[in-house]
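Novice: Sequence and predicted model, in that order:
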There are 2 protein chains.
Amino acid sequence: MEPKQDSLGEWRRTKYTAEVTPLLEGETITLFGWVAGIRRHGGIIFITVYDKEGSIQLTVKQDLAPQDLVNALDNVSDHSSIGIRGIVKKMDKAPNGVEIQPIEMKVLAIAKKSPPFQLQGTNIPRIDKLLDIRALALRRPEARAIIKVRRMTLIKVREFFQKRGYEEVTTPKIIATATEGGSALFPLLYYDKEAFLTQSPQLFKEQLVMSLEKVFEIANAYRAERSRTLHHLSEFLSLDVEEAFVDYRDIIRTLEDLMEEVSSYLHLSCGKELSFLGIKDKGPMPEIPELAYNKAIEIVQGHGSEIEWGDDFSSEALGILGKEFPSFYFITDWPATGKPFYIQSKGELSESFDLMSGPLEIASGGTRVSSKDELEKKLREKGLNPNSFEYHLKVFDYGMPPHAGFGLGVERLLMILANQSNVRAVSIFPRDQYRLTP
Amino acid sequence: MEPKQDSLGEWRRTKYTAEVTPLLEGETITLFGWVAGIRRHGGIIFITVYDKEGSIQLTVKQDLAPQDLVNALDNVSDHSSIGIRGIVKKMDKAPNGVEIQPIEMKVLAIAKKSPPFQLQGTNIPRIDKLLDIRALALRRPEARAIIKVRRMTLIKVREFFQKRGYEEVTTPKIIATATEGGSALFPLLYYDKEAFLTQSPQLFKEQLVMSLEKVFEIANAYRAERSRTLHHLSEFLSLDVEEAFVDYRDIIRTLEDLMEEVSSYLHLSCGKELSFLGIKDKGPMPEIPELAYNKAIEIVQGHGSEIEWGDDFSSEALGILGKEFPSFYFITDWPATGKPFYIQSKGELSESFDLMSGPLEIASGGTRVSSKDELEKKLREKGLNPNSFEYHLKVFDYGMPPHAGFGLGVERLLMILANQSNVRAVSIFPRDQYRLTP
């Protein structure tokens, strides 16, 4: 016979585990959570129960507890969800200084399988095994710490831009034309037309500065990257910012302020989690150094690496730069030739920057082209057909103000902030070339 | 010769128009914005300039002002972007009690075309004309009011759920299997595999309650609706909420609280905009009435409309209900047969609800099935293949706690909150069967 599972009925939680303190001594409370360890010791059963806020110890004395409760525990495996009505007892030896003596239990969901990892263990399987049952793997303390860093980062980012008068916008992810050329796009069938998933909200956010002036968006973007690396996702969260009446120098300062505020907020709000993830609080973040592209080339060449002016940096070159600048730094004033059509040139250089952390690119931005003639010229230079961008170009006829902005890979930033070497660990349900489920 | 446009150079805004008050009398300030009307009257040129925060009047005395500034004004058409350095002067007759006497001007972007609408006019073209140049149409006061209602609604929704301990999550929009069956999906090519754009984060948010317990998401979802109506979008913003250890009765109360808090926050923060949009403050929102499906059927039949128990409500039926309940109401306890496979049945009914506003469905939710056997049975009943849902079903083997939740169409809600009859007016860049640009 299948072991019986109870229904929720009228039971509702009265406390999270983390809210139970010795001050509640003698009170009857209702807890919900999942089991993470049952030990039997001399007529006593010790059960550790987790919920999203923490954990607590249940202590069942076999001769005193209701017999049906003791019997029901036989079917309760690790990860099973239970509800407990019990009495709070001070207990100095217990982890939180309290334990619960259960008087009634509901077995709400029995785990029939054992996952290929332990909640607390250090013997962790390959990340793919964890991702296959991601919903359960998120119960692990490391994942919980990452989720909290993610939450606090996104809360701070929103607050930062809202306080400074940026409008949070939503732009289409289904687009008629490739933003920056035709590679690395996912094609889709939009009714009877061909369309694509957007790589970036670039053109939309530029258009929006005409009325909203300062905009930001936090939304998914898509790149059909054929390479399987530790820092590429097919679907990633992009923070996009665009602003009228400023240039790339202003945007660099804004992004620097953002990084400082996020960093100090995390140390305030996630001290325990950062420490668990191996990150030390080194005090206020130092100013983010700037490195002109021309100077960066010299550094790389100085290390004997073969690179010519105008080249993008290879992984080897990024490795060299990352050793000189292990933390955040900007590479500014890139050659115009390598930049997308919407970036403003100044001579053979461009008004552009990347935010780096060691060898990893986190964000990219610049002053945008605001003249329609210039934009058409640059489209043609890149081998793109201005007619395909007619829906974008036509708004320039009504006067596009000067503007600048940046795009930032949120998961890339979270890799740094949560000290993770694999971008998949900071995405809730990552997508890559080989992963389309769960 | 093309009229000259100036570059931004070192100019930066020192004030928004709305910050300029008579207290600044005599100060020199720098403003940026777009022109909305130039009048010449007896040697004086009056120019109205808008920015994202408001508007202000510039007063140029032709004989006293710098001659190059007066000359440059000849090229400045409506919607052109300019920068102004000028002196603040008290002027009781001017709209804000102040005017600016410009001493220097930069013409940053000249509008070469005139849009087919006026900023302030009541003679508004069809919405399609406005959407074709949406970036510019968002300068209209009505659009600005809607954008502010949108902003404040989303800020309040996030705050509501964050305060109550829900985790904001991001789930994949690219999925391997149709959530609720195969219709109305956009297919895409995911590398070499077929995939789809998600209609709802339903299965992902359900999985996430196993570890995060209470989750919400605000993100795009997709429906390939072939019908062109006033309340369907192909890409819409979905608010999704899911919670462990509760049932649909708890979720109804949560959603009611949310509607009350959003409504009162909007009246606090957007009084002027709501009034401009024709919405009166009627004080605190009354309790949202509940109408069981069985009772709703009786009402519709009582009006002589042909409907049988088990049917969904036709537009005619919704019209009848909408007249009886012109504001928010819940329809609860729907027949199990019409509900998706993941909704918990109770006899021939189900633990489900819709939030309605008049004839319009805003949200839909219920208690979910948490037993794997039951879920497989329901999948088969709906003609779906459990094997296609293996990546979802397998997490149930580890014990899925009881849970419930809802999905809400954000643009539908904004239609009500901003008093709009066309859903396209509350989407920034709407997508429907006939619109893929801008």
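Specialist: The structure has been received and is ready for your questions. Numbering: from 1, shown residues only, chains lettered A, B, ... in the order given.

Novice: Identify the residues contacting A:Met400.
Specialist: A:Met400 sits next to A:Glu206, A:Met210, A:Ser370, A:Ser371, A:Lys372, B:Ser81, B:Ala109 when contact means C-beta atoms under 8 Å, 6 or more residues apart in numbering or on different chains. C-beta: built from backbone N, CA, C; applies to glycine.

Novice: That one looks like it's in a helix, true?
Specialist: No - applying DSSP: H, G, I helix; E, B strand; the rest coil, one finds A:Met400 to be coil, outside a helix.

Novice: Output the contacts of A:Met400 as a markdown table; include the columns distance to B:Lys280.
Specialist: A markdown table is the format used below for the contacts of A:Met400 (distance: C-beta to C-beta, whole Å):
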| residue | distance to B:Lys280 |
| --- | --- |
| A:Glu206 | 38 |
| A:Met210 | 32 |
| A:Ser370 | 42 |
| A:Ser371 | 46 |
| A:Lys372 | 44 |
| B:Ser81 | 36 |
| B:Ala109 | 39 |
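
Novice: could you dump the residues you listed to CSV with neighbour count?
Specialist: What follows is the contacts of A:Met400, written out as CSV (neighbours: other C-beta atoms under 10 Å in any protein chain shown):
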residue, neighbour count
A:Glu206, 25
A:Met210, 26
A:Ser370, 25
A:Ser371, 15
A:Lys372, 19
B:Ser81, 29
B:Ala109, 25
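
Novice: Just the ones in strands from these, please.
Specialist: The strands, defined by DSSP state E, take in B:Ser81, B:Ala109 from the contacts of A:Met400.

Novice: Surely A:Val369 touches A:Tyr342?
Specialist: Yes - with contact defined as C-beta atoms under 8 Å, A:Val369 reaches A:Tyr342; the gap is 5.6 Å.

Novice: mind putting the contacts of A:Met400 in CSV, pLDDT included?
Specialist: Output for these, formatted as CSV (pLDDT from 0 to 100):
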residue, pLDDT
A:Glu206, 98
A:Met210, 98
A:Ser370, 97
A:Ser371, 96
A:Lys372, 96
B:Ser81, 98
B:Ala109, 97
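
Novice: what ranges do the helices span in the stretch 151-300 of chain A?
Specialist: A:202-208, A:248-269, A:271-276, A:293-302 (DSSP state H, counting those that start in this stretch).

Novice: Quickly compare those and say which is most buried.
Specialist: helix A:202-208 (a mean of 25; mean count of other C-beta atoms under 10 Å in any protein chain shown).

Novice: Now do it: which elements does it pack against?
Specialist: strand A:214-222, strand A:235-244, helix A:390-393, strand A:403-409, helix B:134-137 (3 or more C-beta pairs under 8 Å, 6 or more residues apart in numbering or on different chains; DSSP states H and E).

Novice: If we use 7 Å, what do you get?
Specialist: strand A:214-222, strand A:235-244 (3 or more C-beta pairs under 7 Å, 6 or more residues apart in numbering or on different chains; DSSP states H and E).

Novice: the inter-axis angle of the last one versus strand A:403-409?
Specialist: Just to be clear, that refers to strand A:235-244. Per axes from the mean of the first three to the mean of the last three C-alpha atoms, to 10 degrees, the angle that strand A:235-244 makes with strand A:403-409 is 160 degrees.

Novice: How far off centre is strand A:235-244?
Specialist: Offset of strand A:235-244 from its chain centre (C-alpha atoms, centre = their mean, to the nearest Å): 14 Å.

Novice: And for the shortest one?
Specialist: Between the mean C-alpha point of strand A:214-222 and the mean C-alpha point of its chain there is a distance of 13 Å (C-alpha atoms, centre = their mean).

Novice: Who are the packing partners of it?
Specialist: Using 3+ C-beta pairs under 7 Å, 6+ apart, the elements in contact with strand A:214-222 are helix A:141-163, strand A:167-168, helix A:202-208, strand A:235-244.

Novice: partners of that strand in the sheet?
Specialist: strand A:167-168 (parallel), strand A:235-244 (antiparallel) (DSSP bridges).

Novice: Can you check which of these gets nearest to A:Ile44?
Specialist: A:Ile44 lies closest to strand A:235-244 among the strands paired with strand A:214-222, at 47.2 Å (C-beta to C-beta).

Novice: quick one: that closest one to helix A:248-269, angle?
Specialist: Using the same axes, to 10 degrees: strand A:235-244 against helix A:248-269 is 130 degrees.

Novice: Give me the residues contacting strand A:235-244.
Specialist: If you take C-beta atoms under 7 Å, 6 or more residues apart in numbering or on different chains as the criterion, strand A:235-244 is touched by A:157, A:166, A:200-201, A:205-206, A:208-209, A:213-222, A:251, A:401, A:403-411, A:431, B:170, B:172-174.

Novice: Can you select the buried ones among those residues for me in PyMOL?
Specialist: Buried residues among those (16 or more other C-beta atoms under 10 Å in any protein chain shown), as a PyMOL selection:
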select buried, (chain A and resi 157+166+200+201+205+206+208+209+213+214+215+216+217+218+219+220+221+222+251+401+403+404+405+406+407+408+409+410+411+431) or (chain B and resi 170+172+173+174)
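
Novice: got the residues of the stretch 301-438 of chain A near chain B?
Specialist: Residues of the stretch 301-438 of chain A found near chain B (C-beta under 7 Å from any C-beta of the partner chain) are A:370, A:391-392, A:394-395, A:397-402, A:428-429, A:431, A:433, A:436-438.

Novice: try 8 Å this time
Specialist: Within the stretch 301-438 of chain A, the positions adjacent to chain B are A:370-371, A:391-392, A:394-395, A:397-402, A:427-429, A:431, A:433, A:436-438 by C-beta under 8 Å from any C-beta of the partner chain.

Novice: before we move on, back to that, kindly reformat the helices and strands packed on helix A:202-208 as JSON lines containing mean pLDDT.
Specialist: Compiled in JSON lines, the helices and strands packed on helix A:202-208 are given as follows (pLDDT from 0 to 100):
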{"stretch": "strand A:214-222", "mean pLDDT": "98"}
{"stretch": "strand A:235-244", "mean pLDDT": "98"}
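
Novice: Dump those into JSON lines; add distance to B:Ile146 as well.
Specialist: Converted to JSON lines, these look like this (distance: least, C-beta to C-beta, whole Å):
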{"stretch": "strand A:214-222", "distance to B:Ile146": "15"}
{"stretch": "strand A:235-244", "distance to B:Ile146": "20"}
